[in-house]
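> please find the sequence and the predicted model below.
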Amino acid sequence: MSRQRWMIVAAASLSMLLLAALFSPEHLGQIRLDLVLQGPLDVLPFGTDTRGRSLVDYATQGASVVAAPAFMAGLLVALFGVAGGLLRCQGSEWVNALIQAFSEVVGALPRMVVILVVALLLPRDHRSLYPLALAWALLSAPGAMDEAAAVAVRLGGARFVEALRAHGFSAPRIYLVHVVGHNLRPVVVRQGAETMMAVVFLEIALSYLALAENQPSFTHPDSLKSWADLLKLGYPSLIPSLDYPSGHALGLALGLLGLVAVMTIALGRAARAR
Amino acid sequence: MKRWWIQPLVRLLAAMSLPFVVPAVITGFIWALPGDPASLICPPHICGGTEALADRWNLNDGAIHFFLGWMSDAVRLDFGNSWRLHQGLPVLELLQTAIPATLSLIGIAAFMLIAGAVAATKGWLPRQIDPFLRVVGLVPALVLALAGAAFIELTFGFGSFSEGGRLARLLTGAAVLGFADGAFTGAALGSRATFELEANQRYVGMAVLRGESTQANTFPNVAPALIGQMRARIIHLLSGAVVVEVVLRIDGIGSLLWGGTLRQDFGVVLAAGTLFAVVSAGLLLLQAVLEAMVAIHVRRAPDGVRTDTPAEVCG
């Protein structure tokens, strides 16, 4: 598939996510006990939950929980990647050693331990995905910086910059256009997109684990529903003996996860080098 | 690169600091919370004896005093008691029960990754399954763990907590951990790509002309990268273990850590977090040692090679 097509797919999936977040209702719809657990063919477009409420609200509220924090984390990791690549172009051994030391310590931390420690600190009445997404971005930063630095080294590092200077290019043009725009772009965009996906998956995992223990989630207030609620609702449908017709919720949850995965792949492919 | 020892040295220093950094950060966080730690565990308006509790758990003289006291006890394998999760029970006892399950889980999953990397590099893993592996690699641990939990439920039903059920949970958990979040895909395809890239180097072509094997020449050069990748993947498995253990109800360290977090049991979180940090530090140390060994090996001239300068030869 060409880059242009990947760009269209990336833009479409990202727009869907952002629009869903933008138009999410503050509260779920009215309870309709006559429409309990209806499939998508009975109640368009995604069916209903155990109280007859449309699953559209679950999908949009879930998007509103993850969209902005995931985007922020992705952007932050991309910026860290840019910084890693540019610092390597400076060719300073001290800076490189400091970055390596930072990368070693941060990269060696088991991410889930750090995330859980951050979650432990969140005040119960101010639960949000932002601090966790920020922590995840900081933990992902060394990987992005390393990869961007490797690209800068392959490019020639400080010698590449010197060569362009000798050709009379200005510093902003060398760094912003040639180093970042032409060479670091594929790496930093892919790293950012992967971080976005990881933050979405992290939110779903944390919310599901809290739901499984009948505890409030760390990532959003109780008034909002996460995509993990759809997974929780749909899980019993996997066990036929329970005869619980909630497969449509499971399908919707998997579809939303698929949308995020497609968005990540498409962003990475759209940004790849020509 | 002449100063090859800098990288292993930095890793060594990071490995030595990690088991202290993690509990220090957690302790700092505990004191960063609004209110003093003893009142958090035992609010004075609903629970008597907050001061006695603070005294007993070393919470009354500030963060540094607590950290130093906790570390000196931890060195003697005394992690104190659980504050909330299993109130009063020694944390060491909880850890001793949980460690074997997590070790088995991580061990089997890590073996899968190593086997996948070897199979892909040797060409035993057909390339036709690459697209399938790429798709499987996108599936998050939670989704695969749910599928695994449903499989256990369907296969064992009420007997899922029997001895056989427990073993099935462990094996399913390891398989989930191995395949989820691109672990197996990354290990297999990543290792193969690294070897193939190195095999295209000119020196390998020369070695093949001399009658030497490709892998004997490429392995020492790709080993540092592969060791680093494998370490990162095993640390990733440690993180994934939390999700897998909770969903599949495996009583391991991850499950303990999650329970401690949900119930704000700092005693359990401190000990479990430090244990994860120690494992991670061990892996970092192993990487540093292996890297140093590889660096020394590739710098050693083989037998029969003359290392004297042309001037000495002529003179």
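Received the coordinates, thanks.
> what about the nearest residue to A:Leu231 once chain neighbours are set aside, how many neighbours?
If you skip the residues right next to it in sequence, A:Leu231 has A:Ala253 as its closest partner in space, 4.5 Å away by CB to CB, 6 or more residues apart in numbering or on different chains. (Glycine included, C-beta is placed from N, CA and C.) Using other CB atoms under 10 Å in any protein chain shown as the criterion, A:Ala253 is surrounded by 28 other residues.
> so A:Ala253 makes contact with A:Leu230?
Yes: counting by CB atoms under 8 Å, A:Ala253 touches A:Leu230, with 3.8 Å between them.
> output the set of residues of the stretch 101-250 of chain A in proximity to chain B.
When proximity is defined as CB under 8 Å from any CB of the partner chain, the stretch 101-250 of chain A approaches chain B at A:101, A:104-105, A:107-113, A:116-117, A:119-121, A:123, A:143, A:201, A:204-205, A:208-210, A:212-213, A:215, A:228, A:231, A:235, A:238-240.
> most centrally placed residue in chain A?
For chain A, A:Met196 is the residue whose C-alpha lies nearest the centre (CA atoms, centre = their mean; 1.7 Å).
> wait, that residue touches A:Pro69, no?
No: with contact defined as CB under 8 Å, A:Met196 does not reach A:Pro69; the gap is 9.3 Å.
> before we move on, back to that, how about the closest residue to the residue nearest to the centre of chain A other than its chain neighbours, phi and psi?
What sits nearest to A:Met196 in space, not counting adjacent residues and going by CB to CB, 6+ apart, is A:Gly74, at 3.8 Å. Phi and psi for A:Gly74, reported as degrees, to the nearest 10, are phi -60, psi -40.
> tell me the spacing between A:Gly74 and A:Arg269.
Note on A:Gly74: its distance to A:Arg269, by CB to CB, to the nearest Å, is 16 Å.
> can you tell me the SS state at the spatially most central residue of chain B?
For chain B, B:Ile235 is the residue whose C-alpha lies nearest the centre (CA atoms, centre = their mean; 2.7 Å). In the three-state summary, B:Ile235 is assigned as helix, counting by DSSP: H, G, I helix; E, B strand; the rest coil.
> test my guess that it contacts A:Pro110.
Yes: under the contact definition of CB under 8 Å, B:Ile235 touches A:Pro110, with a separation of 5.6 Å.
> where do the helices of the stretch 151-274 of chain A begin and end?
With DSSP state H, counting those that start in this stretch as the definition, the stretch 151-274 of chain A shows helices at residue ranges A:158-166, A:171-172, A:185-212, A:227-234, A:247-270.
> what separates the shortest one from the chain centre, distance-wise?
Centre-to-centre, helix A:171-172 and its host chain are 31 Å apart (CA atoms, centre = their mean, to the nearest Å).
> packing partners for it?
Counting by 3 or more CB pairs under 8 Å, 6 or more residues apart in numbering or on different chains; DSSP states H and E, no packing neighbours are recorded for helix A:171-172 among the helices and strands.
> nearest to chain A within the stretch 201-315 of chain B, name that residue for me.
Relative to chain A, the nearest point of the stretch 201-315 of chain B is B:Ser239 (3.7 Å; CB to the nearest CB).
> burial count for that residue?
A count of nearby residues for B:Ser239, using other CB under 10 Å, gives 23.
> same check on the one 3 residues further on?
By the criterion of other CB under 10 Å, B:Val242 has 30 neighbours.
> stretch B:71-90: end-to-end distance?
Distance between the two ends of stretch B:71-90: 16 Å, counting by CA to CA, to the nearest Å.
> returning to that earlier point: settle it for me: which of A:Gly74 and A:Arg269 has more neighbours?
More neighbours surround A:Gly74 than the other of A:Gly74 and A:Arg269, with 26 against 20 (other CB under 10 Å).
> so how far is chain B from the more buried one?
16 Å (CB to the nearest CB, to the nearest Å).
> can I assume that residue is in contact with A:Arg190?
No: between A:Gly74 and A:Arg190 there is no contact under CB under 8 Å: 10.3 Å.
> alongside chain A, which residues does the stretch 51-200 of chain B contribute?
On the criterion CB under 8 Å from any CB, chain A has as its neighbours in the stretch 51-200 of chain B the residues B:Leu138, B:Pro140, B:Ala141, B:Leu142, B:Val143, B:Leu146, B:Ala147, B:Ala149, B:Ala150, B:Glu153, B:Leu154, B:Asp181.
> one more time with 7 Å
Near chain A, the residues belonging to the stretch 51-200 of chain B are B:Leu138, B:Pro140, B:Ala141, B:Leu142, B:Val143, B:Leu146, B:Ala150, B:Glu153, B:Leu154 when assessed by CB under 7 Å from any CB of the partner chain.
> hang on, isn't the last one packed against A:Ser241?
The reference is to B:Leu154. No: with contact defined as CB atoms under 7 Å, B:Leu154 does not reach A:Ser241; the gap is 8.1 Å.
> need the overlap of contacts for these two.
With contacts taken as CB atoms under 7 Å, 6 or more residues apart in numbering or on different chains, B:Leu154 and A:Ser241 have no neighbour in common.
> if you count surrounding residues, which of those two has more?
Under the criterion of other CB under 10 Å, the comparison of B:Leu154 against A:Ser241 puts B:Leu154 first, with 13 against 9.
> which residues touch the residue nearest to that one when sequence neighbours are not counted?
Here the nearest residue to B:Leu154 in space, its sequence neighbours aside, is A:Ile239; by CB to CB, 6+ apart that works out to 6.2 Å. The contact partners of A:Ile239, taken as CB under 7 Å, 6+ apart, are B:Ala150, B:Glu153, B:Leu154.
> chain neighbours aside, what residue packs nearest to the first one?
Same thing as B:Ala150. B:Ala150's closest residue in space is A:Leu238 (CB to CB, 6+ apart), at 3.8 Å.
> what's around the one you found, how many residues?
Here the count is done by other CB under 10 Å, and A:Leu238 has 18 residues near it.
> check B:Ser162 too.
Neighbour count for B:Ser162, taken as other CB under 10 Å: 11.
> thought B:Gly259 was touching B:Arg84?
No: the pair B:Gly259 / B:Arg84 is not scored as a contact, 9.2 Å apart, by CB under 7 Å.
> great, nothing more from me.
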